[in-house]
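Asks: Next one to model:
(one chain, ligands or ions: 1)
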Amino acid sequence: MQFEVITAFICLAWLAKATPVPLEERASSSLNSIAVAAGKKFFGTATNQDQFNDASYVDVMLAQFGSLTPANVQKWQYTEPSQGSYDYSQGDSFASYAAENGKILCCDNLVWYQQYPSWIDSQSWTAESLSEVMTNHITSEVSHYKGKCYSWNVVNEAFNDDGTWRENVFYNTIGEDYIAQSFAAAAAADPNAILYYNDYNIESPGAKATAVENLISSLKSQGIKIDAVGLESHFIVGETPSLSQQQQQMQAYANLGVDVFVTELDVRFSSLPPTEQGLQQQSEDYQASVGACAALGSKCPAISVWDFDDTYSWIPSTFSGQGDADLYWANLTAKPALAGIESVLVA
Ligand SMILES: *[C@@H]1O[C@H](CO)[C@@H](O)[C@H](O)[C@H]1NC(C)=O
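Replies: Now for the predicted structure:
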């Protein structure tokens, strides 16, 4: 009798250990819910729908993150593959997936010097004809997703690191007014979406951050609606701007009357494999961004990572020999950085 009771207890204890925590319980202490409890709108991730058949990945994504940003399928090359002929099939399926799973949809992006359709480069344009093509694209896409997008990344990466304008077909043909035209077209098509300018290396004071501040001031003085700036925040372990540098720069943007979003956070190792000490540094670097956003209060509504699992990180294919940038290892176990940022949000 006693033996049976003990055996039953051991079995129960083993079962409790072996049974995975139900998704709802994990969600109740998820990164997103911790961020929401800290006053943020969400903690999100970028993703691709070809990853949605990876069940273990999806389990973590749905349990931990409150918003989804499509990494590719809303980009111009997908949505207007030939001039005037629109294809929203992949973007629609991404948007439906987000809605069905109760996730906020962050829409990305409208005008960028990459991932635009090849028919643009195979023709010659006047400022007027390219403006028309650009605003038609924005009007069509933003109208198509009207009411579904929490935010739109309207113009992506318009500056060089030294703060000069990046030469691209839009700037070279239309001039700097392509930015104002883009924001105006987006605002007209969906007045309720949060419209933001997005870039990297603008997270701490410097020439590029100053250029973005000047752009925001210029758009505001022209009466153009710009709601926020997106700080991509692709950092390198040990070279990440400090908490106080990031706080200072976020405050400078907020002082211009825009909100600040951390939109694509990841912190990569420039050489692999990482050491234990390196993993602690990575955690501190993640904490600097999350801590600066936490300190800015309601003016920094949300944070997103550019995917959360090293299996799907964009880093190794872009920066050869670098990587391990995400919050989770490829086997979906969390790195120290996950607990690190949770502790910042709880504090
Ligand atoms: C997951 O991968 C990391 C990095 O390779 C390793 O350190 C860790 O032990 C692995 N965890 C599990 C549970 O396999």
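Asks: Can you tell me the closest non-neighbouring residue to the closest residue to the ligand within the stretch 151-300 of the chain?
Replies: Nearest residue of the stretch 151-300 of the chain to the ligand (CB to the nearest ligand atom) works out as residue 273 at 7.8 Å. (Glycine included, C-beta is placed from N, CA and C.) Among residues not flanking residue 273 along the chain, residue 324 sits closest, at 7.3 Å (CB to CB, 6 or more residues apart in numbering).
Asks: and the gap between the one you found and residue 316?
Replies: Distance, residue 324 to residue 316, using CB to CB, to the nearest Å: 9 Å.
Asks: neighbour count winner among those two?
Replies: residue 324 (22 against 15; other CB atoms under 10 Å).
Asks: chain center to the helix or strand where residue 340 lies: distance?
Replies: Element membership of residue 340, judged by DSSP states H and E, is helix 336-346. Distance of helix 336-346 from the chain centroid (CA atoms, centre = their mean, to the nearest Å) equals 18 Å.
Asks: can it be found next to the ligand?
Replies: No. Judged by CB under 6 Å from any ligand atom, helix 336-346 and the ligand are separated, with a smallest distance of 11.2 Å.
Asks: Now tell me what touches that helix from outside.
Replies: When contacts are defined by CB atoms under 8 Å, 6 or more residues apart in numbering, helix 336-346 is touched by residues 31, 34-35, 37-38, 40, 43, 267, 279-280, 282-287, 290-291, 294, 327-328.
Asks: hey, which helix is longest across this structure?
Replies: helix 276-295 (DSSP state H).
Asks: any idea of the angle it forms with helix 336-346?
Replies: For helix 276-295 against helix 336-346, the angle by axes from the mean of the first three to the mean of the last three CA atoms, to 10 degrees is 30 degrees.
Asks: what's the next helix or strand after helix 276-295 packed up against?
Replies: Toward the C-terminus, helix 276-295 is succeeded by strand 302-305 as the next helix or strand (DSSP H and E). Judged by 3 or more CB pairs under 8 Å, 6 or more residues apart in numbering; DSSP states H and E, the packing partners of strand 302-305 are strand 42-47, strand 67-70, strand 259-268, helix 276-295.
Asks: quick one on the thing from earlier: of the contacts of helix 336-346, grab the buried ones for ChimeraX.
Replies: Listed next is the ChimeraX selection for buried residues among the contacts of helix 336-346, using 16 or more other CB atoms under 10 Å:
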select :31,34,35,38,40,43,267,279,282,283,284,285,286,287,290,291,294,327,328
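Asks: Now do the same for the nearest residue to residue 159 once chain neighbours are set aside: helix, strand or coil?
Replies: Using CB to CB, 6+ apart and skipping residues adjacent in sequence, the residue nearest residue 159 is residue 211, 4.9 Å away. Taken by DSSP: H, G, I helix; E, B strand; the rest coil, the conformation at residue 211 corresponds to helix.
Asks: contacting residues for residue 211?
Replies: Counting by CB under 8 Å, 6+ apart, the residues that residue 211 touches are 159, 163, 164.
Asks: ditto for residue 111
Replies: 76, 134, 138, 154, 155, 156, 170, 178, 182.
Asks: re the thing from before, TSV for the helices and strands packed on strand 302-305, including mean pLDDT and distance to residue 223?
Replies: As requested, those are exported to TSV (pLDDT from 0 to 100; distance: least, CB to CB, whole Å):
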stretch	mean pLDDT	distance to residue 223
strand 42-47	98	30
strand 67-70	98	29
strand 259-268	98	18
helix 276-295	98	28
